[in-house]
Structure formats: structure tokens, C-alpha cells
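*Asks:* pasting the structure only:
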Ligand SMILES: Cc1ncc(C[n+]2csc(CCOP(=O)(O)OP(=O)(O)O)c2C)c(N)n1
Ligand SMILES: Cc1ncc(C[n+]2csc(CCOP(=O)(O)OP(=O)(O)O)c2C)c(N)n1
Ligand SMILES: [Mg+2]
Ligand SMILES: [Mg+2]
């Protein structure tokens, strides 16, 4: 047991995986000598060697494409893209090849790889450093999409992703890297992909969120609970495959759904959850679905970022509307 | 007036724009000498010269990025990507720069460009030639997304897109290129971006579709009408900015919504429309929203494509469920 | 323009020592004949509507068979839609190639142990996969090499650049074979890039580049054999530019008359890679019409059988559409399959 | 390694004829001093939490000012996050640069007529914009040139390759300036690519490549002047590799101690580009401490004023968040702005 934050828990997961399986390797920009710009891979090159923790040239398509070749060749690459805003040059490799090689070859060739990507805003970073475009990956066939929100899940989900026989896009909430600590078992353990966590139960309103937004969702849920409102708080943890059953069950109970998503609004993942409700839980809905999202704008820089990122106050406001409807 | 199909109407629009504005130019793979793999640019290089209708190397990021530079420099480039499946290498340029330069420079530098992209399946093409990932572009800030379904709109929307001061992703339904003909005015005209077309009115159920799916939606609507069912059939024509008012108005009238989308299901554009209904027309909904979509799979090749692409029968089945709910 | 590496001149005369004995040359000639038979058959089948669009490789047989013949059976191959000759020679069955062309993903699954990926339809993205495969082999202590085939047009894609750079930086055992066939659909080589040769691009990555007569079976074999040997010894990657020509249309959907002259095509027909080897063998008394006929008949028979087998296969069903995406069918795909059945009145 | 183009040796002695008269050298020296003053000020402001992360260009002043000084005022400039010296010299105000660093998009809007795009934060994608701008100028019959700045790491991106290829294929008047400062965050130049130099990559595109001492103001100016003249005459693009060094950390968030030695840094400090010019001027009796002090004081004063102006600006509001996306606010953004106001209890 050790008290670790998200970044440390991820580091522990990678260390565990590298120690346990000789096929596991890390590659990415600055993951080796400096241990990554967020220090998630800190010390791993020194411990596991330059052959298994590899600093790459600045070329995201090359990183993802090489990882695919490595995976087909029997390795278990864990690639890092430095920020989600720099993943787009590698998107073609993901959509055209990583997510398709199994299908294209009818299981003959497969891509057991993980692409780790720090995502999300809230730290007043430069342009392109605060993206939350997870919806694009959820719309990409053949990829699993995982978004931890807390240290314990971060380690367990990452180990599950590395073990998974299929490609996983693993999104790490930047502003949660060092926000909270949890007791983390020293040994290996997994948190199953595809299972949401019901963090809080209550009968009045369902709040669904994931990743970085969970902090604000938890704050809002706590405040609501304090005023006697019963909140079902769900951390999706995995977006693809989605744990629809857990979400639907809660909606059927509460009849009120608030979905929180930092990403852009149009065709974001919150839309998928709203659609789920409109398709499969319509008769349970007592109030219009509330989407609390980022906007269809560039994520503002430091001085205006707060106008973009959904915060506890906006989540509260949405929940109140749902309750008052 | 001339009877033209979609490909010819687009050719006429480009010819008109090239003749009217010396800043307009076309660039893309094989758009010049051969007139494009679908002949949409047929004859335009001979007529307007090699400087204005440019065959490019095989490099999609280069095509989009060069178009951006050309646009900032005062030109009105109309770039072609040969198939939507080959647009991904150029996606970074679209999301990171084309959609942002105006915002980044607070209107000092702008990107009045159009990226034309044939999209969608139904012709039994090779892998990557049947993509329908329009949702990705609708989730990309700063881009307008236009999808014509018929010859008249094809010319009018393309001319409006070329005139537009902002970047437009213009998706051309491959299987509709030569499917129908309409009388097209010889002179220039525009169809305003952001306005849906109500093609048929009826009080019982709302069917919303766009692009290639309109053919099947029309067939289903006709069959339903024949059985006495009143169908509101809406062709969105523009996905961003969305004509939400027209869709909501219809839902309020019919209480039943069927959304047709060839793209993958999860976080597709149909989800956005379902979310719209669940947020802003919930109390009008008399039946669960029905999404008729492609699946979260690779688009199957020729021998199995029919299992993927939404057809009139599936749209009918969905409408019947909505009516019987 | 540098002089391309050449061993067999257009008249079939050796201008350098042959790296292969005549038995091997006969074997490779037979393979070229079989490949051309396949190529012609596919074009014919497509005309009859029995195949989807087809991309002919006529004229490029020496570049493909010559280089592929320099490989070890366990070497990886990552090729494109126009490289059926190389893929087949390295173990990818005609049946699989034909299935792909009928529009059936099952073609993408070669027999277990055949180290050939399904053909890449996207231009440029696949070369880096060969870099990753070669890298994996090295990490696993194997001396396998990975060869990748691509065209002149593919060298304009950013992915070509990143693949070349990664291969050189990590000294992966990768052999890059660019078949410069003069055209990328309608774009001539000289407007694809302003460099005199594609081979010279290797220098930008600190890797050797070889400029080869792509219609010379022996020169292509020699260049690939040297590159594979260098790679196997840990010497890193090589770029081979095989100068050849696409005698047929880009695909059966293309009309080359719109962008090139028949004279140009005829000129290249006169440099036919099969004829060159045939002359060489004939001069050595190693070729006669009877053998030629036998080769063609055997190839046709094999292909007829493969076509029949491909066409007898039940078309893929919904199970194939959903079943290939993940190792286990996840809940959302099971649900979508159910929705399809329901729409079809089966659920 | 080839000998880099050099005019002023490390001791400030001319080893070739100077392309500039001493008045101009004094002007450029003053600019380098102002740039360094800005650079140090920004690092200080960042430590006080008044700026977001900052990327220092100390050591690269000659590469930036020398090349920028070879431009015509109407030439386009497309640069990166580390190129403030070049951008400022070409007309992009300190105020705009500082605003960007405070995290305010309004910094991205230089005064009308300043042909400098906001700095590129993504690595690699911006070079092609300079190709498009140069191409547009040609199409419009203007003889404007576009210069683009990028680092050694940027040359690994596919977009570098596509930009270089397009520029050469269309012979656009583009000047590519690679500041090889030895590092891409923690990756040393020799592991970024296996080629001996970056300049030699030009040959892959059939374009001239020039290898220049990037700490030599006069050599950088000469190389850029030649490239710009060639481009203006329709001679097409040139790649300039300016060999220099990033003396500071990658950004204020970086700890270079993790990947490089102080000795290496000290070695380069001794080759300081400002000191080199200072010695040259001093030897010619064109420099004295008083002038130095005056230069620094003037620069500080300008910067103080700019900082004050930047910090007095009202922070951007919701209007700025939504208002910059399109020429006219579309319905969906108006609706979203309304939703924000409603959540804030303002609607
Ligand atoms: C990424 C991508 N862009 C565009 C295409 C469309 N396309 C198919 S083949 C081709 C030309 C390729 O030329 P070359 O690389 O010389 O290969 P060849 O066809 O001559 O064998 C193009 C542009 C594609 N398949 N993939
Ligand atoms: C596409 C992209 N990938 C990664 C990054 C993260 N990043 C910022 S600077 C940098 C290194 C760039 O090195 P170089 O091109 O040499 O420029 P320098 O910082 O040395 O001036 C990286 C990897 C980025 N900004 N953009
Ligand atoms: Mg070619
Ligand atoms: Mg650098």
C-alpha cells in the first residue's frame, strides 16, 4: 500500500507491466530521459533500459504506426502522445489501421497496444494543450476508450488496458494528475474495462461524468446531497465499450439525467448518453436531459478558460433545473 | 436550365466560381488532367488553366495546409480530398489550424476555403472508400459542415460555401453523384448554409436525414405516405450550423423522431439530434427516438455492405416502431 | 540521372555477373508468368463484374518477384494494393488475393504463419508498420527483416518521411522498395517531387539509397539481397528505387488516355520484364514454347481453382460484420447486431 | 560534418566580407540586445506567476534577427513559439507576444498589415502555411516571399516533408529556416534523425540546402538574403539549417538537468551570438558600455510599458470565447453563449 496520486499510480502500473511482461515497452516523445512532461514515466528508462522505454523523434503518426507494427510483431507497446492536441497527426493511423487490422485480417493480425494521452484543460496551458476530443475516438471503430478519474482506477484500468488483446486509447486527465491521493496496492490488479462505477447513490437525479470532470461532479453531488438531494453519481471510467446498463438503471430510478463532459458540445459523448436516454429510457425521463459541456469553440487560454470548462456551479445549476422541471 | 446530376451540378458550380472570381482555385489529387476520379472537376483545368486547377502530390495534410496558407494569403481555395477515408492525414490541419486561425488571430487572419470530400458507401468500393465520419467534423470547432443530397442543392450549397468567409467541409455523397438529375439554372445561385429543407409534410412522424441517406429516407417516406402515414421529411443539408428550429418544430408537431445516419452509431451526428430532442423537445416526444445508423464497425466491403448501410426497409421499421409506441 | 543498377540488359544479355543460377532464374521466370496470368485474369473477371475494381501490376513483375525472392520465408512483408505478385510469391494465396478483390474481408486472413499483412489500400501509412515489425523482431532477438512496397506517389505522404526516419534512427532491419512506375494515377513522377530520383531521398535519413532498373529481375534481386543482408547484420534500413512502369490503367476504373500517350506505354512494353528474362533463358537454351505453354496452363489452372473456391464461399453475414472488430464481441456491438436483426424482422 | 557558412568568427573577427555596413550591424546588435532583454524579462515574469509557461530563445538571437533582417517588410513570416525575436523584428509587437504568454488570444492579432502569423504551438504543421502564403503571392503576381521558422525536432514531422515537397514542386518563394538548437525538449539532435545534417535533407526535394553557423549574425543574414533573393526571382525555396543552441530550458516548466550537462551549456555560452557581434563592433570602435546600457534601458522601458498595457487589459469575457470562431456568430454558438449565461445565473 502506498498513497499515490494519479500520475504516480500510472507510473506504478507501467513499472509493474514492464517488470511482468518482457513484451511490454513504452515509446513516445520525452518518455525516457526526462520521464515525460508530466513525469508519468519517471525513472522507468533507468530501471528497464533504453530498449524498452524509448524516446522517439517528434512524429506522432510515426509513434502510433510504429506501435502498431510492434504490436502485430508480438510486442505490447504502450505509446504516449504528449498531449491530446498533438494526437491528431496520429489519428489516421488509429482510425485507418490500428482499429482495423484485426477486422481486416479476420483475427490473423492484432493490435494489443495502448496509446496513453494526457487530455483536458484547467491548468491554463498554451493552445492545443487543453483538448478534450474523446468523442472522436469513441466514434472510431475498433478502439476501446478509457478515462480514469482517480488513482486507484488509473492503475487498475491501465493494467487492464495493457492486458487487453485490442487497442485502447487511454486518456489521462491532466488536472487530476496530482489533485488527489489514494491508497494503492503495491501489487498488480486490474479494474475491468467496460464497467462504470456508481460512486454515490440517491434517488433524485443521475449525474454521469468521467475523467477530469469527475472532480467537479463530485463537488456538485456533495453540495446537492448536503441540501438533501439524492444523487446517483456515475463515473463511466470506460467510454467504449459503454456500461449502458448501469446508466439506464439509474435513469429509470431517478428520471433525471445530467451528463457532464468537458469536450465540445456538438456530437460529443454527452450526446451519446442523451441519445441513450431518449431511445431506451424515454418513459422514465421526468425532465429534459441536461448536458453540461464545453462549447463548440477553441478551448480558451488561461485568462478565459473558466468560461469553457464545466465546473461544479454549472453542474449544480443543471441538476437544479432537472429537479425543478 | 439543364438537367444535371449531382456531379455535373458540382462541376457547374466550380466552373461558375472559377469564372466569377480570380481568387478561386482548385487543388487536389487528380483534379486537373483527369478531372477527378468522379469527374467532378472534368474539363476545368483545360478551361481555367493549370495555375488555377492544380494537380497535387499525394499528400492530404499538404493539400489542406497549403489551402490554408493560400486562403490566408487572399485566395479562395477549393481543395479536394479524393475520398473521406483519405482525409484523416489532413485532419490535424483542419482541427488545429483551419478551424482556429480566425479565433487565434481575432479575425486578423481568416480561412475562406472549402474542402470537398466524396463520402459514403453503397458502391461496393475498396476499404477506406466508403467512410461516413461527418460527425468528426461536426465536433471540430470553427468548421462548417455541409452535405448536399440533390443536384439543385449541390450547386447552390457549393457556391454558398465558396462565398462563405469561413472554412467549409463539403461532403459529397458518392452514391448520389449520378443517381438523380434535376433542372439546374445555368446562372449562379446560392442555397443558404444552415437551413434545412422540409421535403415533405405530415403530422405523424419526423424523419431527419442528410446526404446519401436521403434517397433511402425519401423511399421510406413515400412508402409510409402510401399507407396513409403523415411524414415530415427533413433534409438537414447543413450539419454545422444546424437548423435546430426546423427539427424541433417538426418534433413538437409529430412527437416522433427517426434520425437516419450512415455513419458509425456511437457519438454520431444522429446522437446530437437525439440529444436535441431529449433536451429541448422532451415533453413533445410520444415515442422513444429511433436512430437508424451505420454500426460501430468498419464499413463492410462489397459482399456485406448491405448489412451496414441504413436502407429504406430499416427506416420503415424504425418509423413503424415509433408510430406503434 | 544516375545509371540504374543493371545486370540484365533489355535484350536479355548479362552486363554483370548473375547473382542467380539458371535454375533459380527459371523458377522466378515461372513466377512472373504466373503473376501476369493472375493479373490478366483479374482484369478480365472485373470486366465481367465478378471482381470489384482491380489495380493491374503489369510491367512491374520483375520489381516485385525479384525483390521478394531475396527474402527469407519468415521475413515480414507489408505491401500495397498493386503488389499481389510480391505477396503471392511470399506465401499469400491467390485465393486470399481474389477474395479481397471480390469485396470479402476474409481475403485478409492468410494462412497461419504467412508473414504478409493484407494489402494496404491507403497510400503511405503502411511503411511504418514494416518499421515496427522489424523493430519487434530485433527486440525479440530474431534476425527477421521486414520489406515494404510502395509507389512513387506514396513518397509524398508525411508517413513515408516518418517511417524512413524511424527506421534509420532505430536502425531497424527494414527494406523500403519504391516501385517508381512513372505515375500516381494521373500525376507523372516528375511532378510528384522535384528531386531527380527517389533513391536520393534516402540520404535525408542517413540511409543508403539504391537506384535500380525495375524491369531487370536480376538487378532487383541483387539490390534486395544486399539490403536484406545488411539489415540482417544490424546494418539498418535501405531504400530501393525500382524504376519501372505501370503498363495498364491505374485501376479498372481509370482511363489513362486522359493523361498519357500510347507511345509512352508502347516504349515501356518494349522493355517488358518477362520478355527480357525469356530472351536470356532462350539464348541459354533454357526456354522453349512448350515450357512457356506449360507455365501458363499451370497458372491458369491454379487460378481457375482459386476463383471457383472464392465464388463458392457463402457471402459474409452480420456475424462477420461485427465479429471481427474485437477479440470478444463487446456489449455495444452485440446490441447493434440485435438492432440489425430487429430491423430485418429477425429479432 | 561540413564546415558551416561563417562570416564572423567566435572572436568577432571577419573571416569573409561582411554583407552589412557597420550602421546596419549596430542596428541588428541593438535588436539582439532588445530581444534578449525581452527573453530574460519573460522568464522573470513567469517565475512571478505573471506569465504562463515561457520558452526562452537565449542563444538563438543571431539566427532569428539575422535571417529576419534579410526580409522585405511585406514578406510573410510563419514562426513558432520560440521565435519571438524574429517575429518582433518583423513587426509583431511586444504587447502581442506578451499577451499570448499571459494566456490571452488577443495577442494573436497583430496590427493590420503586419504579415506575421501568430506563433505556432504545434510542431511541424505551420511550415506548409508559409508554402501556401508564398504560393498565393505568386498567383497574385506579387514578389513577396514567405519565411518559416522551425526547430530540429520539427523536421521529424510528416508535415515538414509535405511542406518541403510542395514548396519545391510548385517552386514557391519560401525560405525554410531550421534553427537546430541541439535539442527537442530532451531528445538530442543526433537521435532526432540519423542524417549528418538537416541541411542535406533539402536534396531529397531537389532544393538547395545551406548549413550555417547559427550564432553568426552575418552568416545567417547572408544565407537568408541569398535565399530570399533566389525565391523572389522565381528560383523557388531554400532550406537553411542554422546550427545554434538553446541555452535555457525547453520552457520554464522544463528541467534540462535531467538530460544534458552544464558543461555542454557553458561551451555554448562561450559562443554567445551577441558577444560575438559586440566584440566585432568594439574592435571597430563601434561599441562602448554607455551605448550598451542605453540599449538595455530603452528595451526595458519598452517592455515595462508593454507589460503594463497587457496586464491592464480586461480579461477576455464570454464574448471573446464565442466571438472569434466565425465571421458572424452562428445560431448554435449564440445558443451556447445563452446556456453559459443561464448557468451563471445571468440569463
Ligand atoms: C492516403 C491516400 N490518399 C489517396 C489515395 C487515393 N489513391 C489511391 S492510389 C493513388 C496513387 C498512388 O500512386 P503510387 O504511390 O505511385 O502507387 P501506384 O498506384 O502508382 O502503384 C492515390 C492518390 C489513397 N488510396 N490513400
Ligand atoms: C505536433 C506536436 N507534437 C508535440 C509537441 C510537444 N512539443 C513542444 S516543443 C517540442 C520539441 C520541439 O523541438 P524543436 O522542433 O527542436 O524546437 P525547439 O523547441 O528546440 O525550439 C515538442 C515535442 C507539439 N507542440 N506539437
Ligand atoms: Mg506510381
Ligand atoms: Mg530544437
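*Replies:* Nice, I can see it. Since the model is a prediction, treat every value here as computed from it, not as a measurement. Ligands and ions are numbered 1, 2, ... in the order given.

*Asks:* Look through the stretch 51-200 of chain C and state the residue closest to chain D.
*Replies:* Nearest residue of the stretch 51-200 of chain C to chain D (CB to the nearest CB) works out as residue C:158 at 1.8 Å. For the C-beta atoms, the positions are set from N, CA and C on the backbone; glycine is no exception.

*Asks:* And chain A, by the same measure?
*Replies:* For chain A, CB to the nearest CB, closest residue to chain D: residue A:302, 2.4 Å.

*Asks:* Does that residue touch residue D:105 like I think?
*Replies:* No - using CB atoms under 8 Å as the test, residue A:302 is too far from residue D:105 to be in contact (10.1 Å).

*Asks:* tally of neighbours for the nearest residue to residue A:304 once chain neighbours are set aside?
*Replies:* What sits nearest to residue A:304 in space, not counting adjacent residues and going by CB to CB, 6 or more residues apart in numbering or on different chains, is residue D:316, at 4.2 Å. Neighbourhood size, residue D:316 [other CB atoms under 10 Å in any protein chain shown]: 22.

*Asks:* One more: residue C:261?
*Replies:* Neighbour count of residue C:261, defined by other CB under 10 Å: 10.

*Asks:* Find me the pLDDT at it, would you?
*Replies:* Here, the pLDDT recorded for residue C:261 equals 96.

*Asks:* from what I can see residue A:96 touches residue B:129, true?
*Replies:* No - at 11.8 Å, residue A:96 does not count as touching residue B:129 under the criterion of CB under 8 Å.

*Asks:* Overlap of the contact sets of these two?
*Replies:* Contact criterion CB atoms under 8 Å, 6 or more residues apart in numbering or on different chains; residues shared by residue A:96 and residue B:129: residue B:85.

*Asks:* what's in contact with the helix or strand harbouring residue A:54?
*Replies:* According to DSSP states H and E, residue A:54 maps onto strand A:53-55. With CB under 8 Å, 6+ apart as the test, strand A:53-55 has contacts from A:18, A:25-33, A:41, A:44-45, C:170, D:186-187, D:191.

*Asks:* strand partners of it, parallel vs antiparallel please.
*Replies:* Here strand A:53-55 has these sheet partners by DSSP bridges: strand A:24-28 (parallel).

*Asks:* Can you get me a residue count around the residue of chain A closest to chain D?
*Replies:* The criterion is other CB under 10 Å. On that basis, residue A:302 has 21 neighbouring residues.

*Asks:* Check the secondary structure at residue C:249 for me.
*Replies:* Taken by DSSP: H, G, I helix; E, B strand; the rest coil, the conformation at residue C:249 corresponds to coil.

*Asks:* Run a quick neighbour tally on it.
*Replies:* Residue C:249, neighbours per other CB under 10 Å, totals 18.

*Asks:* Spatially, what comes nearest to the closest residue to chain B within the stretch 101-250 of chain C if we skip its sequence neighbours?
*Replies:* As assessed by CB to the nearest CB, chain B sits closest to residue C:103 within the stretch 101-250 of chain C, at 2.4 Å. Counting by CB to CB, 6+ apart, residue B:302 is the residue found nearest to residue C:103 once chain neighbours are left out, at 2.4 Å.

*Asks:* gap between that neighbour and residue C:51?
*Replies:* When CB to CB, to the nearest Å is the yardstick, residue B:302 and residue C:51 sit 9 Å from each other.

*Asks:* do the same with residue C:319
*Replies:* 24 Å.

*Asks:* Tell me which of the two has more neighbours.
*Replies:* Set residue C:319 next to residue C:51 and count neighbours by other CB under 10 Å: residue C:51 wins out with 22 against 12.

*Asks:* Give the intersection of the neighbour lists for residue B:302 and residue C:51.
*Replies:* By CB under 8 Å, 6+ apart, the residues touching both residue B:302 and residue C:51 are residue C:102.

*Asks:* quick one: low-confidence parts of the chain?
*Replies:* You didn't say which chain, so I picked chain A. Applying pLDDT under 70 to chain A flags no residue at all.

*Asks:* actually chain C
*Replies:* C:347.

*Asks:* in it, which spans are helices?
*Replies:* Assigned by DSSP state H, the helices in chain C fall at C:22-47, C:61-68, C:84-89, C:94-102, C:127-139, C:158-169, C:189-192, C:217-232, C:262-269, C:273-283, C:289-312, C:318-323, C:331-343.

*Asks:* Need those helices in TSV (columns: distance to residue B:100).
*Replies:* Formatted as TSV, the helices of chain C follow (distance: least, CB to CB, whole Å):
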stretch	distance to residue B:100
helix C:22-47	44
helix C:61-68	44
helix C:84-89	42
helix C:94-102	40
helix C:127-139	28
helix C:158-169	20
helix C:189-192	30
helix C:217-232	42
helix C:262-269	45
helix C:273-283	50
helix C:289-312	49
helix C:318-323	37
helix C:331-343	32
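
*Asks:* Could you tell me which residues of the stretch 51-200 of chain A lie near chain C?
*Replies:* A:51, A:54, A:56-57, A:59, A:61-62, A:65-75, A:77, A:89, A:92-93, A:96-97, A:101-110, A:141-142, A:144, A:165-166, A:194 (CB under 8 Å from any CB of the partner chain).

*Asks:* Buried among the residues you listed? Make that a ChimeraX selection.
*Replies:* In ChimeraX, this line selects whichever of those come out buried by 16 or more other CB atoms under 10 Å in any protein chain shown:
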select /A:54,56,57,59,61,62,65,66,67,68,69,70,71,72,73,75,77,89,92,93,96,97,101,102,103,104,105,106,108,109,110,141,142,144,166,194
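
*Asks:* can you give me the angle the helix or strand harbouring residue A:15 makes with strand A:24-28?
*Replies:* Using DSSP H and E, residue A:15 falls within helix A:6-20. Computed by axes from the mean of the first three to the mean of the last three CA atoms, to 10 degrees, the angle separating helix A:6-20 from strand A:24-28 equals 130 degrees.

*Asks:* residues of helix A:6-20 that come out buried?
*Replies:* Quick answer for helix A:6-20 (16+ other CB under 10 Å): A:6-18.

*Asks:* can I get these in a markdown table with distance to residue D:68?
*Replies:* As requested, those are arranged in a markdown table below (distance: CB to CB, whole Å):
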| residue | distance to residue D:68 |
| --- | --- |
| A:6 | 43 |
| A:7 | 40 |
| A:8 | 45 |
| A:9 | 47 |
| A:10 | 43 |
| A:11 | 43 |
| A:12 | 48 |
| A:13 | 47 |
| A:14 | 44 |
| A:15 | 47 |
| A:16 | 51 |
| A:17 | 48 |
| A:18 | 46 |
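
*Asks:* Just give me the closest of the residues you listed to residue C:95.
*Replies:* residue A:17 (39.4 Å; CB to CB).

*Asks:* which residue ranges form the helices in chain A?
*Replies:* Using DSSP H, helices in chain A cover A:6-20, A:44-48, A:60-72, A:91-93, A:101-104, A:134-138, A:151-163, A:213-226, A:244-254, A:269-280, A:312-324.

*Asks:* Residue A:225 contacts residue A:231, doesn't it?
*Replies:* Yes - between residue A:225 and residue A:231 a contact is recorded at 5.9 Å, counting by CB under 8 Å.

*Asks:* of the two, who's got more company?
*Replies:* Per other CB under 10 Å, whichever of residue A:225 and residue A:231 has more neighbours is residue A:231, with 27 against 15.

*Asks:* what's near enough to touch the more buried one?
*Replies:* Residue A:231 sits in contact with A:200, A:202, A:204-207, A:221, A:224-225, A:319, where contact means CB under 8 Å, 6+ apart.

*Asks:* what about 7 Å?
*Replies:* The contact partners of residue A:231, by CB atoms under 7 Å, 6 or more residues apart in numbering or on different chains, come to A:200, A:202, A:204-205, A:207, A:221, A:224-225.
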